[in-house]
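Trainee: coordinates only, no sequence provided:
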């Protein structure tokens, strides 16, 4: 029952995006995010679409994989589109029935918001979630936020916590599954009856899960101590992040793409 | 055997070490609990030493003191010649001392296998090129090279412990501490794990200290300390320890079954046990055969055979028909057209390798997994039949078939023991008095006093928690009780108590289905044994018939119980020495087996004489 949940969603196709340094990807990703949100012209959207298509092809992902990342956000996209469609009342009225009216401004906004959202998810998938392992991502965050250490932000600790949390997700899912089975044997019910009844069923799972997580945390802390963990100071890395010529070249190519979007948008304004 | 033993260097030296834990009584008042109470010992460089003791004897706490995970409150503790209280040498001790803990999951830090191996040396600041070398070498040493880029969470329990060893090895330690590292492993993985450790000890001269309550593990060591209530209770070579069965019992431990059988044999013949003969099975067998040659068995009193009462054949209580199961549409078949009939009142042991489908099978018994094809039918004693394919019958069926998973203590959740036990009967429409009566019955069945009912389950000890969890299933008065590794993680006394409880349940008529990878226990307690392999039942037979059939056990690739294996070896030696003897099948207990062996020998000698 918990098998469908996959949080790390990393799929290795060995593409350019997989080989790129995660820090470069993170920065390029931020640039694209700005570009997508600043676009206000149809021509701008078309350019994004073209560039994104090129990126999807480069990432060697199958349409099925890409669709699976879009699937969870379809309901919210529809909601946002409808909200924009019916609430924005600028420009000429196109259609009206009782209290519902659709205006040109509403259609424009609805289309833009919907398309932007989909583009954003696709960019996140290609740049980050589908192509970067969680550990590389937390490494990249640690490196990029490194300067914050000077103002006493515990950057290393935060990155360490993130990677341990990710490491324990499968273990805890497994454990949840076991506890659910055990409680079910004692008559717990998770999927029938009233909402309160179902919530009560989940309490019988959550409490044991919390207690065992605390125990795990304590044991893990001792194990880390025993393995000489003493913070980020002086730690070396088995796979250190190194920026190569490859990363620079692809970083520039991708940034050029983002610049093209912004330029086209300004020209057609 | 040991590289540096000539140097006679002492690696760990403890002199009258004390340590207490702070515990909270009723969650408020502090109380100091003595865990280590004046322990003194010394470990030689390159030695392989065991600290043996039951749970709660302070053995693990002592190991933590060595790695400075705790600091002694009194006494002297020196590791590698430095005092553990000397802050200047803190890292000199810890960096050269590696640890493998009990729970495989709770010591893995890295997401990928190679990242986890690197975690320790990364902390030491080992340069990247050297790191790569160490990681690759350590993974090759334990045989996990092919998993380097795989996720550590997906490894099996045995592989995870090997990974922990690799992580230790990559630190290049002088001292390796194993804190009940094999307690959660199946016998195969345990042997592989110990083989790696022993290789490290011999080839690299790494001093090994193993903390365990398993006697057969201790018998592999050079030196053994037995701990009781925080004090050193016995010390010596394994064979010297084993020569004192009374003291071992006093320390709540058990003799390995081969030594027990040998000791019992000599006991019946009224011969003294010489500790020198306990060093290996071959020496024991030779000494027994030697004694037998000169012994006049007519003067030996051999207890007569105890007859086991036969269980009445009273029909099938649970039937599995053509059951198949797979997780995904086109995934691998976990259960493949499986058929099984469980007789009312029997103890059935389900054995098989990890991943053979045992757990999936028992999850079908009470409808947690519904049959994708086939059926599971429960015939209750009042004449009704229930099928797990019928959704409406599942709740009633679950009252009749109790399922206790591995480590059931982790499923407790209520704020009092009484509420937790009563959870399973809350929907039966019983009055509060009736419920209370059922709870009382269940708690006395598992051997706990009524006093615990009002306390929080989380204040109890590990063994008590497991009993409470068991009571939470027994309260439903199941006719069939399915137990998945009920004794895992318990020490010898805990295991004995658990099986005494199971036997009690069986005696009052409960059908027991026992999932286990411990062949010794399956042989001792089960009426029939059912071997699961690749999702089907490969064999189902009475325990003694199965283990006497050497061809079949080899075919099925299942390990013989230690008692059977040693007894066979001994019987062969006897036949080679004094001629043919008509031996009876192996008994379940070493003491009974000793009597049976001598009885058979006596009888055939008399026959030969008469001829």
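Mentor: Perfect, I can see it now. This is a predicted model, so every value here is computed, not measured. Numbers count the residues shown, from 1 in each chain, chains lettered A, B, ... in the order given.

Trainee: contacting residues around residue 76?
Mentor: No chain specified, so I'll use chain A. residue A:117 (CB atoms under 8 Å, 6 or more residues apart in numbering or on different chains). All C-beta atoms are positioned from the backbone trio N, CA, C, and that covers glycine.

Trainee: nope, chain B please
Mentor: Residues near residue B:76 by CB under 8 Å, 6+ apart: B:13, B:14, B:15, B:16, B:17, B:83.

Trainee: same thing but at 6 Å, please
Mentor: residue B:15 (CB atoms under 6 Å, 6 or more residues apart in numbering or on different chains).

Trainee: is it true that it lies in a helix?
Mentor: No - under the criterion used here (DSSP: H, G, I helix; E, B strand; the rest coil), residue B:76 is strand, not part of a helix.

Trainee: distance of it from residue B:14?
Mentor: Distance check for residue B:76 against residue B:14: by CB to CB, to the nearest Å, it reads 7 Å.

Trainee: nearest residue to residue B:301 other than its sequence neighbours?
Mentor: Closest residue in space to residue B:301, ignoring its immediate chain neighbours: residue B:268 at 7.7 Å, by CB to CB, 6 or more residues apart in numbering or on different chains.

Trainee: oh, I was asking about residue B:19
Mentor: In space, residue B:19 is closest to residue B:36, 4.1 Å off (CB to CB, 6+ apart).

Trainee: just the pLDDT for the one you found.
Mentor: For residue B:36, the pLDDT comes out at 94.

Trainee: where does pLDDT dip in the chain?
Mentor: Since you didn't name a chain, this refers to chain A. A:1-9 (pLDDT under 70).

Trainee: to clarify, I was referring to chain B.
Mentor: Short version for chain B, where the test is pLDDT under 70: B:1-8, B:25-28, B:308-313, B:329-330, B:609-611.

Trainee: up against chain A, what does it have?
Mentor: Contacts of chain B with chain A, taken as CB under 6 Å from any CB of the partner chain, map to B:67, B:69, B:94-95, B:99, B:101, B:105-107, B:111, B:118-120, B:122-126, B:128, B:131, B:153, B:366, B:368, B:403, B:405, B:410-411, B:413, B:423-424, B:427.

Trainee: now the helices for the stretch 201-350 of chain B?
Mentor: B:215-218, B:238-242, B:245-250, B:257-268, B:281-294 (DSSP state H, counting those that start in this stretch).

Trainee: which residues touch the first one?
Mentor: Here helix B:215-218 makes contact (CB under 6 Å, 6+ apart) with B:50, B:52, B:224, B:238, B:254, B:256.

Trainee: likewise for the third one?
Mentor: Where contact means CB under 6 Å, 6+ apart, the residues beyond helix B:245-250 that reach it are B:234, B:255, B:263.

Trainee: the same query, at a cut-off of 10 Å, please.
Mentor: B:52, B:215, B:226, B:228, B:233-234, B:241-242, B:244, B:253-255, B:259-260, B:263-264, B:267, B:273, B:492-493 (CB atoms under 10 Å, 6 or more residues apart in numbering or on different chains).

Trainee: likewise the last one?
Mentor: Contact with helix B:281-294 is made by B:239, B:256, B:258-259, B:261-263, B:265-266, B:269, B:271, B:273-274, B:276-278, B:280, B:562, B:565-566, B:569-574, B:576-578, B:597-598, B:601, B:605, as judged by CB under 10 Å, 6+ apart.

Trainee: what sits against residue 185?
Mentor: With no chain named, the answer covers chain A. Applying CB under 10 Å, 6+ apart, the residues contacting residue A:185 are B:363, B:365-368, B:398, B:401-405, B:408, B:411, B:424, B:472-473, B:476, B:478, B:482.

Trainee: could you do chain B instead?
Mentor: B:102, B:104, B:156-158, B:160-162, B:191-194, B:354, B:488, B:517.

Trainee: now the two most distant members of those residues.
Mentor: B:162 and B:488 (19.2 Å; CB to CB).

Trainee: who's more crowded, these two?
Mentor: residue B:162 (26 against 18; other CB atoms under 10 Å in any protein chain shown).

Trainee: so what's that one closest to, chain neighbours aside?
Mentor: Nearest to residue B:162 is residue B:142, by CB to CB, 6+ apart, at 4.4 Å.

Trainee: what about the one you found, distance to chain A?
Mentor: Distance of residue B:142 to chain A, computed by CB to the nearest CB, to the nearest Å: 16 Å.

Trainee: how about residue B:138?
Mentor: From residue B:138 to chain A the distance is 12 Å (CB to the nearest CB).

Trainee: and stretch B:187-195, what's buried?
Mentor: By neighbour count on 16 or more other CB atoms under 10 Å in any protein chain shown, the buried set for stretch B:187-195 is B:189, B:190, B:192, B:193, B:194.

Trainee: contacts for it?
Mentor: Under the criterion CB under 10 Å, 6+ apart, residues B:100, B:104, B:142-143, B:156-162, B:164-165, B:178, B:181-185, B:208, B:210, B:214, B:216-217, B:220, B:353-354, B:517-520, B:559, B:562 lie in contact with stretch B:187-195.

Trainee: what's the burial count for the residue in the stretch 251-400 of chain B that chain A sits nearest to?
Mentor: Closest contact between the stretch 251-400 of chain B and chain A, by CB to the nearest CB, is at residue B:368 (5.2 Å). When neighbours are defined as other CB under 10 Å, residue B:368 has 19 of them.

Trainee: next one: it from residue B:394, what distance?
Mentor: 9 Å.

Trainee: can you list residues touching both of the two?
Mentor: With CB under 10 Å, 6+ apart as the test, residue B:368 and residue B:394 both reach A:184, B:388.

Trainee: what sits against the most centrally placed residue in chain B?
Mentor: Central residue of chain B (CA atoms, centre = their mean): residue B:488, 5.2 Å from the mean position. Residue B:488 makes contacts with B:183, B:184, B:185, B:186, B:406, B:407, B:466, B:495, B:498, B:516, B:517, B:518, as judged by CB under 10 Å, 6+ apart.

Trainee: so it is in which element?
Mentor: Under DSSP states H and E, no helix or strand contains residue B:488.

Trainee: what backbone torsions are found at it?
Mentor: Per-residue torsions, residue B:488: phi -70, psi 140 (degrees, to the nearest 10).

Trainee: can you check residue B:369 too?
Mentor: phi -100, psi 130.

Trainee: about what we covered before: for ChimeraX, what selects the buried ones among the contacts of residue A:185?
Mentor: Remark: buried members of the contacts of residue A:185, expressed as a ChimeraX selection using 16+ other CB under 10 Å:
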select /B:363,365,366,367,368,398,401,402,403,404,405,408,411,424,472,473,476,478,482
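
Trainee: among the contacts of residue A:185, which are in helices?
Mentor: Among those, the members found in helices (DSSP state H) are B:363, B:365, B:398, B:472, B:473.

Trainee: and of the buried residues of stretch B:187-195, the nearest to chain A?
Mentor: residue B:193 (16.9 Å).

Trainee: show me what contacts the closest residue to residue B:342 other than its chain neighbours?
Mentor: The spatially closest residue to residue B:342, leaving aside those adjacent along the chain, is residue B:318, at 4.2 Å (CB to CB, 6+ apart). By CB under 10 Å, 6+ apart, the contact set of residue B:318 is B:340-344, B:348, B:365-366, B:376-379, B:400-401, B:479-480, B:482, B:511, B:513.

Trainee: same thing with residue B:178?
Mentor: For residue B:178, the contact set (CB under 10 Å, 6+ apart) comprises B:50, B:63, B:98-102, B:161, B:164-165, B:168, B:193-194, B:197, B:208-212, B:217.

Trainee: which of those fall in helices?
Mentor: Residues of the contacts of residue B:178 located in helices (DSSP H): B:63, B:161, B:164, B:165, B:168, B:193, B:194, B:197, B:217.
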